[in-house]
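Novice: fold the following for me, if possible:
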Amino acid sequence: MISINNVNHHINGTSILHNISFTIPDKSITALIGPNGAGKSTLFSLIARLQPLQHGSIHIDQLDVSHSNSTAIAQKLAILSQDNHIHSRITVRDLLLFGRYPHNQGHVSNQDQLIVDQVLQCFELETLQHRYLSTLSGGQRQRALVAMTFCQQTKHVILDEPLNNLDMYHARELMRLLRQLTNEQGLTTIMVVHDINMAAGYADHIVALKNGQVIIQGTPQQIMTKDNIKTIFNLDAEVVIHKDKPLVIHHL
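Specialist: Residues are numbered from 1 along each chain as shown. Here you go, the predicted structure:
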């Protein structure tokens, strides 16, 4: 379980997050949604300890994010950020092996190789495993980066815009796979998502942020209503039910 309590964050005197408090339930998918500038990626970076926490507390199970060592956190939490600095002259296989570092500290074992083999197959990357990242399309690279997080084999996974650069087919297949892995492995998966229909279709729990505050949270059925979409995004949109899932018609 990830608990966030009274988190505030300022940049140059401007409030970015204001009194953020909520709990991310175990063994489920939680989607963070909201308009641009809502504070989603800032909150992500604080959970992932990509920047220091200024006020409040964040716990991953019993670990205090502010005071626990990096290795202990990395063994609990795998992250995919939008801003990664992985060198493009690395093969897909070596990238996935890099995800094993919190467990092997650079001493690669046969078990590490086996885990990478399994993840390559799971993410349909076997034919790309010896390709350099610099030779991949944006979508292929994104799939490889998501796969790397799963090589860490943590029980908590947080993904900032995992659908970036993916076409409709691969976006859907990735969401189906994340749903499957979350269910089968009992994962706690958190993702920042701009596609609200993907959030509605695959998440168990949705947290909506606006102006640095949590304005509503609940199940997709509770969140995806015409009134709530207007409140969150200032957008008039129709909401229909398709296969028992809410679908927001906002393109026309």
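Novice: use CA for all of it now, contacts and neighbours both
Specialist: Noted.
Novice: next, the residue sitting nearest the centre point of the chain: secondary structure please.
Specialist: What sits nearest the mean C-alpha location of the chain, by Cα atoms, centre = their mean, is Leu159, with 1.8 Å. Assigned by DSSP: H, G, I helix; E, B strand; the rest coil, the conformation of Leu159 is strand.
Novice: show me where the stretch 1-150 of the chain has strands.
Specialist: 2-11, 14-24, 28-33, 55-60, 63-64, 77-80 (DSSP state E, counting those that start in this stretch).
Novice: mind putting these in TSV, mean neighbour count and mean pLDDT included?
Specialist: Output for the strands of the stretch 1-150 of the chain, formatted as TSV (neighbours: other Cα atoms under 10 Å; pLDDT from 0 to 100):
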stretch	mean neighbour count	mean pLDDT
strand 2-11	17	96
strand 14-24	16	96
strand 28-33	25	97
strand 55-60	18	96
strand 63-64	14	92
strand 77-80	23	92
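Novice: need those strands in CSV (columns: distance to Val116).
Specialist: Below are these laid out as CSV (distance: least, Cα to Cα, whole Å):
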stretch, distance to Val116
strand 2-11, 27
strand 14-24, 28
strand 28-33, 23
strand 55-60, 25
strand 63-64, 27
strand 77-80, 15
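Novice: Leu187 is nearest to which of those strands?
Specialist: Closest to Leu187 of the strands of the stretch 1-150 of the chain, according to Cα to Cα: strand 28-33, at 6.5 Å.
Novice: what packs against that closest one?
Specialist: helix 168-185, strand 188-192, helix 196-202, strand 205-210 (3 or more Cα pairs under 8 Å, 6 or more residues apart in numbering; DSSP states H and E).
Novice: now that strand against strand 14-24, angle please.
Specialist: 160 degrees (axes from the mean of the first three to the mean of the last three Cα atoms, to 10 degrees).
Novice: partners of strand 28-33, with directions?
Specialist: If you go by DSSP bridges, strand 28-33 pairs up with strand 188-192 (parallel), strand 205-210 (parallel).
Novice: ok, residues contacting the last one?
Specialist: What it means is strand 205-210. 28-35, 37-40, 199, 214-220, 223, 232 (Cα atoms under 8 Å, 6 or more residues apart in numbering).
Novice: among the residues you listed, name the buried ones.
Specialist: Buried residues within those, counting neighbours by 16 or more other Cα atoms under 10 Å: 28-34, 38-40, 199, 214, 217, 220, 223, 232.
Novice: low pLDDT regions in the protein?
Specialist: Along the chain, segments meeting pLDDT under 70 span 84-85, 87.
Novice: what is the neighbour count of Thr42?
Specialist: 17 (other Cα atoms under 10 Å).
Novice: er, Ser45 I mean
Specialist: Counted with other Cα under 10 Å, the neighbours of Ser45 add up to 18.
Novice: tell me the contacts of it?
Specialist: Gln51, Ser81.
Novice: next one: the one 3 residues further on
Specialist: With contact taken as Cα under 8 Å, 6+ apart, Ala48 is in contact with Leu77, Ile79, Ile158.
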